[in-house]
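1. Turn this into a model:
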Amino acid sequence: MTKLIIKSQARELRKNGESIKDISKKLKISQSTASLWCRDLKLSEKQINQLLKSKENNITRGRLKGAQIQKQKRINALELARKEAKRLKRLTNKEFFIAGLALYLAEGSKKMDRAQFTNSNPDIINFMLRWFSRFYNISRGDIKYTVLINQIHRERDAELKKFWQKYLRLKPENFTDIRYIKTVQKKNYSNHDKYYGTFSFRINKSTHLLYKLNALTARLLYLA
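-> Predicted structure coming up:
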């Protein structure tokens, strides 16, 4: 039985109100593993009360209550972070330009003959496409795109192309290919069907633009 299947069973047991300890015994996994797999699942008040009643001593009850307290702390911290993030307002042109330079410094090519940017986050890719359009008048037709992904996703070829084309509003002719990488997959991931690889785009005839970007990003490091 694969780890992915065991994880799925553990989460299903937790959704049904099973304790971490019972899940650990039933599936023959450690309590720490069961807890990690199920930490994002929220039990109903009724399920929590049932677990409290089923415990044999106050120590176990205390642990369960402590876990709920810690979970609530994480929820509160996430909510606070979201509220603080909302304080950010729309970027000015100058802020947008600097943000794009910083991203290019981190994820852009420096030594090729063309400007190229690579990332697996669709929102970051979209951000940089808009950045190149606004500051360097680069249209999406001036760009060639490639997706890099493990060979175990080969059967999803059409799905991968459709996702990136739709999300980024690309034309099929802009795609060069999907490159399948032959590496050993050491883990089974529950988000297998939700992963769309690493996206890379190269700007045609952009050697001089690359010179500018290299100079600007190098300068950026000395301005802080």
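2. Against which helices or strands is the lowest-mean-pLDDT helix or strand in the chain packed?
-> Across the helices and strands of the chain, mean pLDDT, DSSP states H and E gives its lowest value to helix 45-54, namely a mean of 72. Contact analysis of helix 45-54 by 3 or more CB pairs under 8 Å, 6 or more residues apart in numbering; DSSP states H and E lists helix 58-85 as its packing neighbours. Heads up, the C-betas are built off the backbone N, CA and C, glycines and all.
3. Which elements pack onto the helix it packs on?
-> Contacts defined by 3+ CB pairs under 8 Å, 6+ apart place helix 58-85 against helix 45-54.
4. now with 10 Å?
-> Other helices and strands packing on helix 58-85, by 3 or more CB pairs under 10 Å, 6 or more residues apart in numbering; DSSP states H and E, are helix 20-27, helix 45-54.
5. Can you read off the pLDDT for the residue positioned nearest the centre of the chain?
-> Taking CA atoms, centre = their mean, the centroid of the chain lies closest to Asn121, which sits 6.2 Å from it. Listed pLDDT for Asn121 reads 93.
6. That one: what's it in contact with?
-> Applying CB atoms under 10 Å, 6 or more residues apart in numbering, one finds that Asn121 lies in contact with 107, 127, 198-199.
7. For these, give me CSV that also has neighbour count, pLDDT and secondary structure.
-> Compiled in CSV, the contacts of Asn121 are given as follows (neighbours: other CB atoms under 10 Å; pLDDT from 0 to 100; DSSP: H, G, I helix; E, B strand; the rest coil):
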residue, neighbour count, pLDDT, secondary structure
Glu107, 17, 93, helix
Phe127, 15, 95, helix
Thr198, 16, 90, strand
Phe199, 24, 92, strand
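8. tell me the domain ranges of this structure?
-> Per the record, the chain has its domains at 3-85, 93-220, by automatic domain parsing.
9. And the residue nearest to the centre of the chain, how far from Gln70?
-> According to CB to CB, to the nearest Å, Asn121 and Gln70 sit 29 Å apart.
10. Low-confidence stretches in this protein?
-> Within the chain, the ranges that satisfy pLDDT under 70 run 1, 53-62, 64, 184-191.
11. residue ranges of the helices in it, please?
-> 3-15, 20-27, 31-38, 45-54, 58-85, 93-107, 122-136, 157-168, 207-220 (DSSP state H).
12. Can I get the ones you listed in JSON lines including distance to Asn174?
-> Output for those, formatted as JSON lines (distance: least, CB to CB, whole Å):
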{"stretch": "helix 3-15", "distance to Asn174": "34"}
{"stretch": "helix 20-27", "distance to Asn174": "47"}
{"stretch": "helix 31-38", "distance to Asn174": "40"}
{"stretch": "helix 45-54", "distance to Asn174": "50"}
{"stretch": "helix 58-85", "distance to Asn174": "33"}
{"stretch": "helix 93-107", "distance to Asn174": "20"}
{"stretch": "helix 122-136", "distance to Asn174": "11"}
{"stretch": "helix 157-168", "distance to Asn174": "8"}
{"stretch": "helix 207-220", "distance to Asn174": "18"}
